[in-house]
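1. the sequence and its predicted three-dimensional model are supplied below.
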Amino acid sequence: MSALQPHLPALQVVVPMMSAPLAMLLRERQLSWMLATAASLCAFAIAIALTREVLAVGEVGYLMGSWAPPFGIELSVDPMSVLLLLVVTGASSIALLAGATSLHEQIKSERQPLFYSAWLLALAGLCGILVTADAFNIFVFMEISSLASYVLVAGGPDRRALPAVFKYLVMGTIGATFYLIGVGLIYLMTGTLNLEDISLRMQEVTDLKPILIAAGFITVGLALKAAVFPLHVWLPNAYTYAPHVATVFLAACATKVSLYVLLRFDFYVFQPNLEAHDLRFSYFLLPLSLLAILIASAVAMFERDLKRLLAWSSVAQIGYIMLGASLLSLAGLTASLLHVFNHALAKGALFLTCACLAMSVSKVRVDTIGGIARRMPWTMAAFVLAGLSLIGVPGTAGFISKWYLITASFAVGPGGILLVAAIVVSSLMAVVYIWRVVEAAYFSVGEIPDDEIENATEAPLGLLIPTWIAVLLNLYFGLFPGLPLELSSAAAETLLGY
């Protein structure tokens, strides 16, 4: 490992990217799954090694071709990068382990090698976004991950995924185009694409109007990618109709990576250089965050399709993340980044339970799982514990980030009481929509068809074990939050220039 240590930032992208064509060439579905899982686990191991190195020595840099920036392409890994790398590679690995059972039921055998190849490309693209320090390369990796994600969403048997992925494609393309226009304007004014160099050269720019326009394009484009309310219209259907474990992967990390780029640009590039104009993105995103928290939670309370319910919940959780960042404080930004990690744990576990339920029930809906807890006790116990983490019950990971968010909101002053009220009300709404599922599974009788419930059996171990790994991680990081909290705090200090 010592010989490979200096090259870990590059290997983080190279391993899944080089494995993608091999997965396609292996026409045997079992072999392609084994290769994809091995590559994902290897990427996860690299992320862990990078985390240890960042905690020990700070930011880790890598020069592609030994060309120094701004003339060469630089890879840079800091606490914020490794926090998201752990989320992306961990979610991919757990989802692929579960996919050994779930995907074989949903995708035809001859298509599975192509599906796993697209999965690895999505993983490589997301990791590339997190390690590159070049604004244009972020766009390149963004397109790689997006195009592959469209394949993942459309890869299942549900034909309704096709219009869903078309809307996802249109919105994603608009978002990427907006981002590229903004990067082009920045390059026009600064003559560089390296993020650190952009921040330095922007201080010498006298005419800031193109920079202001670029900030608008980039912020809106990335908000589209991240499904920030009200630009979230593609997300509910994409999550609902994608193959179950693909939803686990995308829900845990796809929007989080776009939020990473949004925060990186706004805090590292724009805010330090636009203070004279008194333009802060919190003026726009703070009210939108509150609307997302309340409206999306309210919609989730009335949804019957379980995956769609959880998808609307994700829109609300993105609102929590943006609310913390909009406070423009160390405590708020720490809470925001910590919630990125904890929400990925909770929502990944919940979507895994949906995959477990789908093994026995044709339609995973609140009105079709009545009494299923008698037949699938381990699956429903996993749902309850993951749901408690999503609500923010003490002892779970979700409680830690919500507590930090409430503390940061109180520090704002009298107006912070309204923010805390919105967080509490939304958490109570989460109790309602999680309880609807629990009540149906434990205390109700399904409407259609009863024989499915009577013939239901517990999910296979190949699916149940990854589900419980995700659930236990929610409990572990609820009791021992040191690692994500340390990374979140260090990342917040970096973004704020402390």
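-> Sure thing, it's come through. Keep in mind that this is a model prediction, so the values were computed, not measured. Numbers count the residues shown, from 1 in each chain.
2. switch to C-alpha atoms for all contacts and neighbour counts from now on
-> Noted.
3. looking at the chain, which helix or strand is least sure?
-> Here the helix or strand of the chain ranked lowest by mean pLDDT, DSSP states H and E is helix 450-455, holding a mean of 62.
4. and the pLDDT at residue 374?
-> pLDDT recorded at residue 374 is 84.
5. next one: residue 256
-> pLDDT recorded at residue 256 is 90.
6. and the helix or strand following the least confident helix or strand of the chain, how far out from the chain's middle?
-> Note on helix 450-455: by DSSP states H and E, the next helix or strand toward the C-terminus is helix 461-479. What separates the centre of helix 461-479 from the centre of its chain is 18 Å, taken as C-alpha atoms, centre = their mean, to the nearest Å.
7. and for stretch 86-95?
-> Per C-alpha atoms, centre = their mean, the centroid offset for stretch 86-95 relative to its chain is 10 Å.
8. for that stretch, which positions count as buried?
-> By 16 or more other C-alpha atoms under 10 Å, the buried positions in stretch 86-95 come out as 86-95.
9. got it, and stretch 166-175?
-> Buried residues in stretch 166-175, counted by 16+ other C-alpha under 10 Å: 166-169, 171-175.
10. can I get the residues you listed in CSV including distance to residue 411, secondary structure and pLDDT?
-> Below are those laid out as CSV (distance: C-alpha to C-alpha, whole Å; DSSP: H, G, I helix; E, B strand; the rest coil; pLDDT from 0 to 100):
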residue, distance to residue 411, secondary structure, pLDDT
166, 43, helix, 89
167, 40, helix, 88
168, 38, helix, 88
169, 40, helix, 90
171, 36, helix, 90
172, 36, helix, 89
173, 39, helix, 91
174, 37, helix, 92
175, 34, helix, 91
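11. let me know the closest of these to residue 221.
-> Closest approach to residue 221 among the buried residues of stretch 166-175 (C-alpha to C-alpha): residue 175, at 3.8 Å.
12. below-threshold pLDDT in the stretch 1-150 of the chain: ranges please.
-> Residue ranges of the stretch 1-150 of the chain with pLDDT under 70: 1-2, 105-107, 109.
13. hmm, 80 instead?
-> 1-6, 27-29, 64-72, 100-111 (pLDDT under 80).
14. can you map out the strands along it?
-> Along the stretch 1-150 of the chain, the stretches classed as strands by DSSP state E, counting those that start in this stretch are 60-63, 74-77.
15. what are the pairing partners of the first one, and which direction each?
-> Taking DSSP bridges as the criterion, strand 60-63 pairs within the sheet with strand 74-77 (antiparallel).
16. quick check: end-to-end length of stretch 289-308?
-> 20 Å (C-alpha to C-alpha, to the nearest Å).
17. could you dump the buried residues of stretch 166-175 into JSON lines with distance to residue 238 added?
-> Formatted as JSON lines, the buried residues of stretch 166-175 follow (distance: C-alpha to C-alpha, whole Å):
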{"residue": "166", "distance to residue 238": "9"}
{"residue": "167", "distance to residue 238": "8"}
{"residue": "168", "distance to residue 238": "7"}
{"residue": "169", "distance to residue 238": "10"}
{"residue": "171", "distance to residue 238": "12"}
{"residue": "172", "distance to residue 238": "12"}
{"residue": "173", "distance to residue 238": "15"}
{"residue": "174", "distance to residue 238": "17"}
{"residue": "175", "distance to residue 238": "16"}
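18. now, which of these sits nearest residue 136?
-> residue 175 (14.3 Å).
19. now the residue lying closest to that closest one once chain neighbours are set aside: how far from residue 71?
-> Spatial nearest neighbour of residue 175, chain neighbours left out: residue 221 (3.8 Å); criterion: C-alpha to C-alpha, 6 or more residues apart in numbering. Here residue 221 is placed at a distance of 26 Å from residue 71 (C-alpha to C-alpha).
20. which one of those two is surrounded by more residues?
-> residue 221 (26 against 10; other C-alpha atoms under 10 Å).
21. dump the residue contacts of that one.
-> Contacts of residue 221 were listed using C-alpha atoms under 8 Å, 6 or more residues apart in numbering, and they are 174-179.
22. and it, its phi and psi?
-> Here is the backbone geometry of residue 221 (degrees, to the nearest 10): phi -60, psi -50.
23. so how far is residue 171 from it?
-> Note on residue 221: its distance to residue 171, by C-alpha to C-alpha, is 9 Å.
24. now do residue 331
-> 32 Å.
25. reformat the buried residues of stretch 86-95 as CSV; add distance to residue 492.
-> Formatted as CSV, those follow (distance: C-alpha to C-alpha, whole Å):
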residue, distance to residue 492
86, 17
87, 17
88, 19
89, 22
90, 22
91, 23
92, 25
93, 27
94, 27
95, 29
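26. with respect to residue 226, which of those residues is nearest?
-> Nearest to residue 226, judged by C-alpha to C-alpha, of the buried residues of stretch 86-95 is residue 88 at 14.7 Å.
27. for that closest one, which non-adjacent residue is spatially closest?
-> residue 253 (5.4 Å).
28. just the element for that neighbour, please.
-> helix 244-263.
29. ok, and what's touching that helix?
-> 84, 87-88, 91-92, 95-96, 98-99, 102-103, 126, 129-130, 149, 152-153, 218-219, 222-223, 225-227, 239-240, 314, 325, 340, 343-345, 347-349, 351-352, 354-355.
30. now the angle from it to helix 461-479?
-> On the basis of axes from the mean of the first three to the mean of the last three C-alpha atoms, to 10 degrees, helix 244-263 is oriented at 30 degrees to helix 461-479.
31. next SSE after helix 244-263?
-> Following helix 244-263 in sequence, per DSSP H and E, is helix 282-291.
32. which of the residues in that next one are classified as buried?
-> For helix 282-291, using 16+ other C-alpha under 10 Å, the buried residues are 282, 285-291.
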